[in-house]
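# predicted model and sequence follow; I will ask about them next.
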Amino acid sequence: MGANGSARLERLPAGGLVCVVGARPNFMKVAPILRALAVADPPFPVSLVHTGQHYGPDMQEAFFHQLGLPQPDIDLEVGSASHAAQTGEIMTRFEEVVDAVAPEAVLVVGDVNSTLACSLVAAKKGVAVTHVEAGLRSGDRAMPEEINRVLTDQLATLHFTTETGARDHLLREGIDPDGIHFVGNVMIDSLLHHRDTAVAAGETLERYLPPEATEIPTEGFALVTLHRPSNVDDPEVLRELVETLEQVSERLPLVFPVHPRTRGALEAVGWPRGRRHPVMVLPPVGYLEMLGLMAGSRLVLTDSGGMQEETTALGIPCITLRENTERPVTLEQGTNTLTGTDRRRILETVDDVLATGGKGGRVPELWDGRAGERIADVLADWAPLTPW
Ligand code: UD1
């Protein structure tokens, strides 16, 4: 942490709850919690720490601004590095925060490296940890997020879950049932809160339309996102996937906002090749733009965790380019279909969605926009936190 960060540490409220954000999918989860905590009864001190795992105008600033998140009290500015280096750096810098603030509890969300790193620091300092989005399991330890989920849940004493099956996973792993609360989905709180102010898909497409492009795909498009290491880090896997996407684009135009991790990987395999296929490649877009693109698409092809849930809430068909999901409720009740990366399965599913509109779906229990309030209610009565 720089000198500036250290000076700001001294101004933080002592004790209370430190909420942590680190990467893009954390921002929309913490925003509704902070809104609800601002009116918690009884009130207690709350501060916001950003680890800086994601940074810059596209991956951080647009999200803080659009979600109405307060500026973080501290930005640890860790940036990008290998898993070990990033996790270690977050731990070293977050330890300074814990030492200075002496929080009564730390709140972490999701499954990114920042989630685990801050949980580890807090737990080892004897500070209570609460985990929002606890108990999700893909069963796939090759995913870094799965390791982050399992370990964070072991370190936490209070667990907030988004779907009913999560409780079973936690119980199987020896978690105390008294600390498990099924509260619904804070990501869907954000979606419902901002849905009416989402940027219309046509507006985003017009803004990014390359000068040489002929027309905006107003007749319908498929939205694509890819960033899982298992899909983008291996050139063979990525090449096969983009060739499949080219075949999908013969059926309907694709709109593809590209994650920074994926950008380099695509360049390495020489894609997109020429302009033979109607694929609009965009930089990472903001939250309100993404909501509008999802809502305006005929279907979504993705390996994102959050978008499986958001498409289920929006009723948009989702084809998940993974072999497994930690969010099975989106398969059982929502609009999600798992295809893995098999070309034939992907194309058949796309054809089916285009022919039939895809499987119907319903919005899972408690995905009603009030999860943040339920969390704040539980926290207001949680023993480690003392009121102002
Ligand atoms: C991280 C999360 C993943 C989440 C994803 C959402 C972990 C293990 N992974 O993956 O669960 O789904 O965020 O985006 O925590 N980069 C930038 N700018 C940024 C951030 C990253 O250019 O603001 C580039 C860097 O080259 C970096 C790479 O993206 O090395 C990967 O970033 P990193 O935070 O390590 O993981 P993500 O792939 O973003």
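Yes, it's here.
# can you pull the residues of the protein lying near the ligand?
Within reach of the ligand by C-beta under 6 Å from any ligand atom, the chain has these residues: 23-25, 53-56, 59, 80, 111-113, 144-145, 227, 259-261. (C-beta placed from N, C-alpha, C; glycine too.)
# give me the buried subset of those residues.
Neighbour counting by 16 or more other C-beta atoms under 10 Å classes 23-25, 53-55, 59, 111-113, 144-145, 227, 259 among the residues of the chain next to the ligand as buried.
# show me those that map onto helices.
Counted as lying in helices by DSSP state H, out of those, are Arg24, Pro25, Asn113, Pro144, Glu145.
# farthest-apart pair in those residues, please.
Greatest spatial distance among these (C-beta to C-beta): Arg24 and Pro144, at 15.2 Å.
# do you know the pLDDT at the closest residue to Asp58 other than its chain neighbours?
Of all residues not flanking Asp58 in the chain, Pro284 sits nearest, at 4.3 Å (C-beta to C-beta, 6 or more residues apart in numbering). We have a pLDDT of 96 for Pro284.
# cool, Ser6 as well?
In the prediction, the pLDDT value recorded for Ser6 is 62.
# how about Ile346?
Predicted confidence (pLDDT) for Ile346: 98.
# ok, it - contacts?
Residues in contact with Ile346 (C-beta atoms under 8 Å, 6 or more residues apart in numbering) are Thr244, Val248, Leu301, Ile319, Leu321, Thr339.
# where along the stretch 51-200 of the chain do the strands fall?
Secondary structure of the stretch 51-200 of the chain (DSSP state E, counting those that start in this stretch): strands at 74-75, 105-109, 128-132, 158-161, 180-182.
# please state the offset of the longest helix seen in the chain from the chain centre?
In the chain, taking DSSP H as the definition, the longest helix is helix 83-101. How far helix 83-101 lies from its chain's middle: 21 Å, per C-alpha atoms, centre = their mean, to the nearest Å.
# one more: stretch 10-21?
With C-alpha atoms, centre = their mean, you get 23 Å for stretch 10-21.
# does the closest residue to Thr335 other than its chain neighbours count as helix, strand or coil?
Nearest residue to Thr335, sequence neighbours excluded (C-beta to C-beta, 6+ apart): Gly361, at 3.9 Å. Secondary structure, DSSP: H, G, I helix; E, B strand; the rest coil: Gly361 is coil.
# which stretches of the stretch 151-300 of the chain have low pLDDT?
Applying pLDDT under 70 to the stretch 151-300 of the chain flags the ranges 211-216, 218, 275-277.
# please, where are all the helices along the stretch 201-350 of the chain?
Secondary structure of the stretch 201-350 of the chain (DSSP state H, counting those that start in this stretch): helices located at 201-208, 229-232, 235-249, 260-268, 287-296, 306-314, 329-332, 343-356.
# mind putting these into TSV with distance to Gln71?
Output for the helices of the stretch 201-350 of the chain, formatted as TSV (distance: least, C-beta to C-beta, whole Å):
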stretch	distance to Gln71
helix 201-208	26
helix 229-232	31
helix 235-249	37
helix 260-268	23
helix 287-296	17
helix 306-314	23
helix 329-332	33
helix 343-356	41
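# can you tell me how far Ala117 is from His181?
According to C-beta to C-beta, to the nearest Å, Ala117 and His181 sit 24 Å apart.
# coming back round to it: elements contacting the longest helix of the chain?
Secondary-structure packing of helix 83-101 (3 or more C-beta pairs under 8 Å, 6 or more residues apart in numbering; DSSP states H and E): helix 3-9, strand 17-21, strand 46-50, helix 113-124.
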